[in-house]
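**Q** give me a 3D structure for the following:
(2 chains)
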Amino acid sequence: MKQKRAAGRIMLAIALVLTVFYLFPLILMLINSFKTTGQFTSNPFSLPTSLRLSNYEQALVQMHFFTALRNSLVLTVSVCAIISVLGAMAAYVVSRVKSRFVSVLYYLMIASMCAPFQAYMIPLVKLYASTLGFNNSLLPVIYIGVGLNVAFSIFLIRGFLNSIPVEIDQAALIDGCTSTQLFFRIILPMLTPIQVTLLVFVAMGIWNDYLLSSLFLNTQEMRTLPMMIRVFCAQYSNDYSPMMAGLVMSITPMLLFYLVCQKQILEGVVQGSVKG
Amino acid sequence: MISTRRQDSWKIILLFFVPAVLIWITAMVIPFFYGIWISFTKWDGIGSNYTLVGLANYTKLFTNAKFWLSLERTAWYTVGVVILSNVVGLSLGLLLTSALKGRNLFRTAIFIPNVIGGVAMGYIWKYIFAYGVTLVGSSLGVQWLATSMLSDPTKAMIAMILVSSWQLSAYLMIIYVAGFTNVPGELVEAARVDGAGALSVFRNVRLPMIRSSITICLFLAIVRSFMVFEVNMSLTDGGPYNSTELIAFRIYNTAFVSLKFGNAQAQAVVLFIIVALISVLQAYLTQKREVQL
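**A** As a prediction, this is how the structure comes out:
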């Protein structure tokens, strides 16, 4: 018994050390966001002598933080809203309607999930920016964001739908529901648990995306947070402290979101991993 | 099932399924095939002037040493990340499924690097390598670390592998935790009663039981490494002297910096083929195992 307790303590110590190892870059960033650049370059590990908030002020203005935050929010919320309805509708058909047309398309969509984004990155720019003229607009980013995530959402929701007994559908139909009513009034509300898992996972991907947004957005008014970080860090490449403050601010929204939805995010990681 | 009448099921397919399919086709399928066509053209710049050059982009690629070097680097990077992230991720998964106080809290905290996007992550580490690691190196008298790792080609690649594995191992940990949690407790108990030590239980009971998690994590790490972009851009920016420019970043640069779209698209098609082959191999291995079980 004693031996077991000692082993438990050692494991706890190891777990603590590892946690510090995984978090220390973020801790360092936070500490240094309150120091001057000189203090940072001479010793990044020293604690701040005072709570210097001027770094934050500077970053707020130079990063156009609130503009970027707004763009990121619009993009993420739009993609999630569209995906949740469109994906559920399509998944419902895949789960309930027996049709070769549907199942062939479904498996093609699943297969397409493994294609690297680079394979259609250039044509996307050519088609949506050059040909259709969507320049410097969030619209193509939202649309393509939906397109890239729709297969995954159908896959995830379909798995959940398959566990809902068909008898529920049949009972509703016998009671005189139309298929549309059945879906929107009865099925859709039942999907909430899987929708939450799906949406937090999709939201994380879209929020942190740099590549797709950078293809279509090119002015300061349109940039999303990851793009703003890139521009800010490249422009003020020698003034580290405001940069640290900017980084802290830019990751805070996602961090708060994670702390609230951690269960669903970790659930999404596991469910997303078995897609292959 | 919804309705016995054919007409009705077509109506619902059209109303509920086709919209999603249309978005998927216009955002993925059409661009994909259009991309293959672009790879047969010489198209440089924003205008619509292009010339059809057939397979020239591909033949040029095969004799382009820089392209091969970038692929080779990506392969080395992948080997490093796959091994490191899986060894660490599996160990973390094992540790955080054992009878440990507050293990959920540890899982939550350790996963945090994955919540932060690749761009921010790369910059944070860039500053740590430039000022933090060098300070540790010089105060401990370790010459190897005293100058910034990011200014030496080999060390910069090691830095890339370390940062990526640091992030990915925490991601894989969650999958391994799920795998270990699914191992029936009775099985482990039975082995213990039969006199198996901790190491033996791990090797002969737990490890075989999480084989599917291992397959998933290995392939996830391979595919992610082949497509790495953001960390590459923000941590090393491909430098020093292009020595860490991995394939996905190279495609981006060829297209949007050098404005050689046809050439870049040919590289993208090669990357697609590599990733597709890896995915097919994974599907094959997974299916084969299922048949065996």
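**Q** contact partners for residue 273?
**A** Just going to use chain A. B:175, B:216-217, B:220 (C-beta atoms under 8 Å, 6 or more residues apart in numbering or on different chains). In this view, the C-beta of every residue, glycine as well, is placed from N, C-alpha and C.
**Q** any stretches of the stretch 151-276 of chain A with poor pLDDT?
**A** Regions of the stretch 151-276 of chain A meeting the criterion pLDDT under 70 cover residues A:274-276.
**Q** need the residues of it near chain B, please.
**A** The stretch 151-276 of chain A has residues A:151, A:154, A:166, A:169, A:173, A:179-180, A:182-183, A:204, A:207-211, A:226, A:229-230, A:233, A:240, A:243-244, A:247, A:250-251, A:254-255, A:257-258, A:262, A:265-266, A:269-270, A:273-274, A:276 near chain B, with proximity defined as C-beta under 8 Å from any C-beta of the partner chain.
**Q** rerun at 7 Å
**A** Residues of the stretch 151-276 of chain A lying close to chain B (C-beta under 7 Å from any C-beta of the partner chain) are A:151, A:154, A:166, A:169, A:179, A:204, A:208, A:210-211, A:226, A:229-230, A:233, A:240, A:247, A:250-251, A:254-255, A:258, A:262, A:266, A:269-270, A:273-274, A:276.
**Q** of those residues, buried ones?
**A** Buried members of those, counted by 16 or more other C-beta atoms under 10 Å in any protein chain shown: A:151, A:154, A:169, A:179, A:204, A:208, A:210-211, A:226, A:229-230, A:233, A:240, A:247, A:250-251, A:254, A:258, A:262, A:266, A:269-270, A:273, A:276.
**Q** and the residue nearest the centre of the chain?
**A** No chain was given, so I picked chain A. A:Met204 (1.4 Å; C-alpha atoms, centre = their mean).
**Q** not quite, I wanted chain B
**A** B:Arg224 (0.9 Å).
**Q** picking that back up, element containing the residue nearest to the centre of chain A, please.
**A** helix A:192-208 (DSSP states H and E).
**Q** so A:Val270 sits in a helix?
**A** Yes - membership of A:Val270 in a helix is supported by DSSP: H, G, I helix; E, B strand; the rest coil.
**Q** please look at it and B:Leu172 and confirm they touch.
**A** No - in this structure, A:Val270 is not within contact of B:Leu172 by C-beta atoms under 7 Å, at 11.0 Å.
**Q** quick one on the thing from earlier: for the residue nearest to the centre of chain A, give me its contacts.
**A** A:254, A:265, B:115 (C-beta atoms under 7 Å, 6 or more residues apart in numbering or on different chains).
**Q** am I right that the first one is in a helix?
**A** Put plainly, it is A:Met254. Yes - according to three-state DSSP, A:Met254 belongs to a helix.
**Q** which residues does it contact?
**A** A:204, A:207-208, B:115-116.
**Q** mind redoing it with 8 Å?
**A** Per C-beta under 8 Å, 6+ apart, neighbours of A:Met254: A:204, A:207-208, B:115-117.
**Q** once you drop chain neighbours, what's closest to B:Ile13?
**A** Take B:Ile13 and drop its neighbours on the chain: the residue closest to it by C-beta to C-beta, 6 or more residues apart in numbering or on different chains is A:Val93, 5.7 Å away.
**Q** and the residue of chain A nearest chain B?
**A** A:Gly147 (2.3 Å; C-beta to the nearest C-beta).
**Q** run a quick neighbour tally on that residue.
**A** 24 (other C-beta atoms under 10 Å in any protein chain shown).
**Q** how close does the nearest residue to it once chain neighbours are set aside sit to B:Thr215?
**A** Counting by C-beta to C-beta, 6+ apart, A:Gly147 lies nearest to B:Ala27, which is 2.3 Å off, once chain neighbours are set aside. In this structure, B:Ala27 and B:Thr215 are 30 Å apart, going by C-beta to C-beta, to the nearest Å.
**Q** more neighbours: these two, which one.
**A** B:Ala27 (23 against 15).
**Q** and that one, that one's in a helix?
**A** Yes - counting by three-state DSSP, B:Ala27 is part of a helix.
**Q** show me what contacts it?
**A** A:124, A:143-144, A:146-148.
**Q** all helices for chain A, in order.
**A** A:2-32, A:37-42, A:54-62, A:65-96, A:100-112, A:118-124, A:138-161, A:166-174, A:179-181, A:188-190, A:192-208, A:211-216, A:225-235, A:240-273 (DSSP state H).
**Q** no wait, the stretch 1-150 of chain B
**A** B:6-12, B:18-24, B:30-38, B:56-62, B:65-95, B:103-111, B:118-127, B:134-140, B:143-146 (DSSP state H, counting those that start in this stretch).
**Q** alpha carbons only: can I get the first one in PDB?
**A** By that I understand helix B:6-12. Presented in PDB, the C-alpha positions along helix B:6-12 are these (Å, rounded to 0.1, in the frame of the first residue of the first chain):
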ATOM      1  CA  ARG B   6     -40.000   6.900 -54.900                       C
ATOM      2  CA  GLN B   7     -41.100  10.400 -55.900                       C
ATOM      3  CA  ASP B   8     -41.000  11.500 -52.300                       C
ATOM      4  CA  SER B   9     -37.500  10.200 -51.600                       C
ATOM      5  CA  TRP B  10     -36.300  12.100 -54.600                       C
ATOM      6  CA  LYS B  11     -37.900  15.200 -53.400                       C
ATOM      7  CA  ILE B  12     -36.100  14.900 -50.000                       C
END
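**Q** quickly list the domain ranges of chain B.
**A** B:6-52, B:64-292 (automatic domain parsing).
**Q** TSV for these, including mean pLDDT?
**A** Rendered in TSV, the data for these read as follows (pLDDT from 0 to 100):
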stretch	mean pLDDT
domain B:6-52	85
domain B:64-292	89
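**Q** mind putting these into TSV with distance to A:Ile82?
**A** Below are the domains of chain B laid out as TSV (distance: least, C-beta to C-beta, whole Å):
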stretch	distance to A:Ile82
domain B:6-52	8
domain B:64-292	22
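**Q** ok, now which ones touch residue 129?
**A** No chain was given, so I picked chain A. A:135, A:140, A:215-216.
**Q** oops, I was thinking of chain B
**A** B:148-150, B:159.
**Q** same question for B:Ala268.
**A** Per C-beta under 8 Å, 6+ apart, neighbours of B:Ala268: A:116, A:118-119, A:121-122, B:35, B:39, B:251.
**Q** just B:Leu95 next, same as before
**A** A:11, A:14-15, A:18.
**Q** top of the residues you listed by neighbour count?
**A** For the contacts of B:Leu95, neighbours tallied by other C-beta under 10 Å; top is A:Ala15, 23 neighbours.
**Q** once you drop chain neighbours, what's closest to that residue?
**A** Per C-beta to C-beta, 6+ apart, closest to A:Ala15 is B:Phe106, 4.9 Å.
**Q** swap in B:Trp144?
**A** Using C-beta to C-beta, 6+ apart, the nearest residue to B:Trp144 is B:Gly137, at 6.9 Å.
**Q** ok, now B:Thr236?
**A** B:Thr236 sits nearest to B:Thr244 (C-beta to C-beta, 6+ apart), 4.4 Å away.
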